[in-house]
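*Asks:* the sequence isn't on hand, but the structure is:
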């Protein structure tokens, strides 16, 4: 009963604190919306197009670029505007369709499409390679139409549509793609990426920042007052832990619900997901308690806490997939509990994993939670003992 | 003015005494910018190892090898010979290569005879980019083969007599694809992640000054310090000016140190020092006016903390301090330009990419200052109203 | 008259519909300790804030050293303000706090250092100058709070209830200090709701109630106004209000009011009135437990003037 009373008092204080509610409820949802909308295409190149008067030939090429699944096309009025966008990183490469391109094609001459990119930048180079492939594929039909017009007569236009018809029927040299490995170690794009990573980030971050409340309770001498009542120190600790656990679980469930209902995130195997949520909430509770006993002032907790949370989140793959970084950074990252949690979510969401798949991750998380809680209990016992 | 300086000096002393101010003003932004630059260093210089399996040993396989070693591609691809298609699949799965390209037995012969033939690209789910780049290279390569074949077929279909076929075929092999690409330079330095996140994080943590300052005002007030200062020969505006000056000094120093450290240690490009300095000054002015706005709007310390927390995180989210804004959809880039920090980041981005000096950042600075003018005007209005009532 | 340190003329201040200070006038001569005596909410703090320029009066003027206080910042250098609650930065040391406030009063360099030493010395804090204020005890903070108002050697020191919530020992020390300020030529404006303090340290006392200054003079003058009257303090078990009402109906009792768990009376002749009072108390069903008849004092003056006791 005492445990519940202590947890309840802490929760009541939290609910009255509108700023805390902003960080617990509003901010995570906002960030998920933002990141979900931003994180698209670890594998799509953004291509700008400037049409300097290329006519029908240009339109055909743009249509071909649009059809390519690897490219996202955007139009720009001038080369200057497009170059600025490329420099800013808004585009990976740009295409300049030259004036009189249509006339040149019909007249049987060669045309050069401008590719704007910086050779020194290899991701731009990669994007340019993708664009060049589309241009060359388009050139296949143009060459055929030009050749036929020169050798057999007829108009370029009829020969071009003839070439397009024939292309599918002719035995060709092709490029086949086979996948060596069907499942990804990166979460799916969009909200399915944003929701689980932000869940891992925010539950931990809010708990550490929420340590401010414990620091304040300590400073106000409320613990002394509680211990002066017929209450055992371990009840106080259990009550506070319960408080953090309820907050962490509540926040997790909120993010899960918002993700599932508003953004169509599928959270994978329900039993494994539920256990993962509980394990992660325990880690959060432990971290929050530890922060509450380690920081000296509430300002320190609410100022430094988020910084710690964000840094660990970055290391642990909440901000970008750890598959992207160097092996050393990946190993360093796995010193944080975040990395294990994100790994487990990736297994559940990207590879359709089950409880058996994520059991090792859960065990590691449970270990982290136990260590945090033991340390916090030890420190708090110290505080309570005087 | 003297009193304002005395107050500013006192505020700074208090700020520095609190260790979390140093953590938030210096340590955190530098540490996080460092982490981000470490993480993205791999992402912005895209490079992968391509496993090549040559089961063909024909002329086309040799030609393909030549393409892969062209100067442009060399920056993106390093090739590694693999013995078999099975070995290629294993290598991709084990991530020892990013993707693999298999030239099957008899590829050259089949192509020459006009039979269907296929190059195989082996991709892994974790490096989709390597897979798509490989596929692009391969399809560029087969395009010429297909074009020649299609040319003959189209000419015949267009009415060339069948007896001409052999002549047309040999004529077609001399053709070159009529649609080519020519590389054009961007005329600007592409943005490095560290050049974006260094100012990004510096600005994010600078925004915290809104919280600190408005909070300290209310703490001072509840401690009776504001009244005590007002009883001294000090004009009310000197108190505000003093607080503003301390934020200003703290902000400029923290931005300056972060700029120096990230430039020296991580190679961040903050652009022309004068222009970057001007941008920093404008931004700090905006932070000062926002802090005064919070002081004017809030009634209590609790309210000030709440309002400024929402303001700080709202601005940071919208302004692009957390996400690489350039990669975001256009609507978010436009939203970012509704915030002073978003404009500042745009300014730093342009300095690092387009180069130039004050002219480059004239529009961002004007935007930030107009934002400050609105915030400052609003807080002056509210303050006067409060004094009157 | 012209060399008054402070002159308040017909000060008036309202907050909304509430009149906090109404037509208050008084003056302080050099070296004079003047006490504003009144219960909580009487208008003492509002008056003081107008004197220090923290509030603009709705009517009337404050003149300090012959100069109008309003809008003239240099006048503020003549005033040392010691707020009722400790107003110091807890995260700065005592010396840093004093240096900050001293600079605001245009002190600098060696002079500032000397004044800080002097102020710390004067308030027995010389050994603690380098310690942060949040490590001080309540009494030390109070003393430092006063020291901060003395730094710039003001002609007028304004102390707003400096002894509220202070332990008896520190209180004694503070009063001793205030007493000595007057002797050094510094004028002191002192507000309190403790009658004993006003009697002990003030040369003259102004009695303020409901925003109006209802009497003013030296202790002797004020008491003389009462004539041959006594103050009677009754302790009793039961409803004191009933007892007070019963006393009011008794012949010879001029005023009766409940204060501090006692009933306070002002009677024309204490000794003669007493039996009637005790009888009335028995009648009212609130028997008197003990009686104390004292010579007229400021408490009695206040009771006489307002019909209520100072301490409620």
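*Replies:* Looks like it arrived, so ask away. All of these numbers come straight from a predicted model, not from anything done at the bench.

*Asks:* can you give the domain ranges for chain B?
*Replies:* Structural domains assigned to chain B are B:2-42+B:192-388, B:46-172, following automatic domain parsing.

*Asks:* wait, residue C:195 sits on residue C:296?
*Replies:* No: between residue C:195 and residue C:296 there is no contact under C-beta atoms under 8 Å: 11.9 Å. Glycine gets a C-beta too; all of them are placed from N, C-alpha and C.

*Asks:* count the neighbours of whichever residue of the stretch 1-150 of chain C sits closest to chain B for me.
*Replies:* The stretch 1-150 of chain C approaches chain B most closely through residue C:87 (3.3 Å), counting by C-beta to the nearest C-beta. Look at residue C:87: counted by other C-beta atoms under 10 Å in any protein chain shown, it has 24 neighbours.

*Asks:* mind listing what the nearest residue to it once chain neighbours are set aside touches?
*Replies:* Spatial nearest neighbour of residue C:87, excluding adjacent residues (C-beta to C-beta, 6 or more residues apart in numbering or on different chains): residue B:224 at 3.3 Å. Contacts for residue B:224 (C-beta atoms under 8 Å, 6 or more residues apart in numbering or on different chains) come out as C:83, C:85, C:86, C:87.

*Asks:* who wins on neighbours among the residues you listed?
*Replies:* Busiest of the contacts of residue B:224 [other C-beta under 10 Å] is residue C:83, holding 26 neighbours.

*Asks:* how far away is it from residue C:97?
*Replies:* As for residue C:83, its distance to residue C:97 is 13 Å (criterion: C-beta to C-beta, to the nearest Å).

*Asks:* that older thread, wait, which of the contacts of residue B:224 is closest to residue C:213?
*Replies:* Nearest to residue C:213 among the contacts of residue B:224, counting by C-beta to C-beta, is residue C:83 at 22.0 Å.

*Asks:* any idea how far residue C:55 is from the nearest residue to that closest one once chain neighbours are set aside?
*Replies:* Once flanking residues are discounted, residue C:83 sits nearest to residue B:224: 4.9 Å by C-beta to C-beta, 6+ apart. The gap separating residue B:224 from residue C:55 is 14 Å, by C-beta to C-beta.

*Asks:* with residue C:161 instead?
*Replies:* Using C-beta to C-beta, residue C:161 is found at 17 Å from residue C:55.

*Asks:* ok, now residue C:254?
*Replies:* Distance from residue C:254 to residue C:55, by C-beta to C-beta: 36 Å.

*Asks:* next one: residue A:277
*Replies:* 57 Å.

*Asks:* repeat for residue A:21
*Replies:* 38 Å.

*Asks:* now the helix or strand that contains residue A:214, how far from the centre of its chain.
*Replies:* Per DSSP states H and E: residue A:214 is located in helix A:191-219. Distance of helix A:191-219 from its chain centroid, counting by C-alpha atoms, centre = their mean, to the nearest Å, is 18 Å.

*Asks:* try stretch A:375-386
*Replies:* Stretch A:375-386 sits 38 Å away from the centroid of its parent chain (C-alpha atoms, centre = their mean).

*Asks:* tell me the contacts of residue A:316?
*Replies:* A:200, A:322, A:333, A:334, A:336, A:337, A:338, A:339, A:340, A:341, A:342.

*Asks:* residues touching residue B:300, list them.
*Replies:* Going by C-beta under 8 Å, 6+ apart, the list of residues near residue B:300 reads residue B:218.

*Asks:* no wait, residue B:324
*Replies:* Residue B:324 sits in contact with A:38, A:89, B:193, B:196, B:197, where contact means C-beta under 8 Å, 6+ apart.

*Asks:* and the gap between it and chain C?
*Replies:* 39 Å (C-beta to the nearest C-beta, to the nearest Å).

*Asks:* who touches stretch B:343-362?
*Replies:* Under C-beta under 8 Å, 6+ apart, the answer for stretch B:343-362 is A:84, A:87-89, B:188-192, B:195-196, B:199-200, B:203, B:269-272, B:274-276, B:278-279, B:282-283, B:319-321, B:325-326, B:336-337, B:364-365, B:367-368, B:371.

*Asks:* ok, 7 Å please
*Replies:* With contact meaning C-beta atoms under 7 Å, 6 or more residues apart in numbering or on different chains, stretch B:343-362 is reached by A:84, A:87-88, B:188-191, B:195-196, B:199-200, B:203, B:269-272, B:274-276, B:278-279, B:283, B:319-320, B:325, B:337, B:364-365, B:367-368.

*Asks:* in which helix or strand does the closest residue to residue A:366 other than its chain neighbours reside?
*Replies:* Closest residue to residue A:366 apart from its sequence neighbours, by C-beta to C-beta, 6+ apart: residue A:279 at 5.6 Å. Using DSSP H and E, residue A:279 sits within helix A:270-294.

*Asks:* residue B:120 too?
*Replies:* strand B:117-124.

*Asks:* how many residues are close by the nearest residue to residue A:109 once chain neighbours are set aside?
*Replies:* Sequence neighbours aside, residue B:178 is the residue nearest to residue A:109 in space, at 7.2 Å (criterion: C-beta to C-beta, 6+ apart). Neighbour count for residue B:178, taken as other C-beta under 10 Å: 21.

*Asks:* just the pLDDT for the nearest residue to residue A:269 once chain neighbours are set aside.
*Replies:* Distances taken as C-beta to C-beta, 6+ apart put residue A:354 closest to residue A:269, at 5.0 Å, once the chain neighbours are dropped. You'll see residue A:354 listed with a pLDDT of 85.

*Asks:* hang on, residue A:354 packs against residue A:272?
*Replies:* Yes: the pair residue A:354 / residue A:272 is scored as a contact, 5.8 Å apart, by C-beta atoms under 7 Å.

*Asks:* in chain C, where is pLDDT below threshold?
*Replies:* C:1-2, C:71, C:307, C:310-312 (pLDDT under 70).

*Asks:* the stretch 1-150 of chain B: helices as residue ranges?
*Replies:* Using DSSP state H, counting those that start in this stretch, the helices of the stretch 1-150 of chain B run over residues B:2-17, B:19-22, B:28-44, B:59-68, B:71-74, B:85-93, B:107-113, B:128-157.

*Asks:* also the stretch 51-200 of chain C?
*Replies:* Going by DSSP H, counting those that start in this stretch, the stretch 51-200 of chain C shows helices at C:73-76, C:94-104, C:109-122, C:138-150, C:168-183, C:195-201.

*Asks:* for chain A, find the nearest of those helices.
*Replies:* Smallest distance to chain A across those (C-beta to the nearest C-beta): 15.9 Å, for helix C:138-150.

*Asks:* how many residues are close by the residue lying closest to residue A:365 once chain neighbours are set aside?
*Replies:* Leaving aside its sequence neighbours, residue A:365 sits nearest to residue A:279 (C-beta to C-beta, 6+ apart; 4.1 Å). Using other C-beta under 10 Å, residue A:279 has 24 neighbouring residues.

*Asks:* ok, residue A:109 next?
*Replies:* Neighbours around residue A:109, by other C-beta under 10 Å: 12.

*Asks:* for it, helix, strand, or coil?
*Replies:* Using DSSP: H, G, I helix; E, B strand; the rest coil, the structure places residue A:109 in coil.
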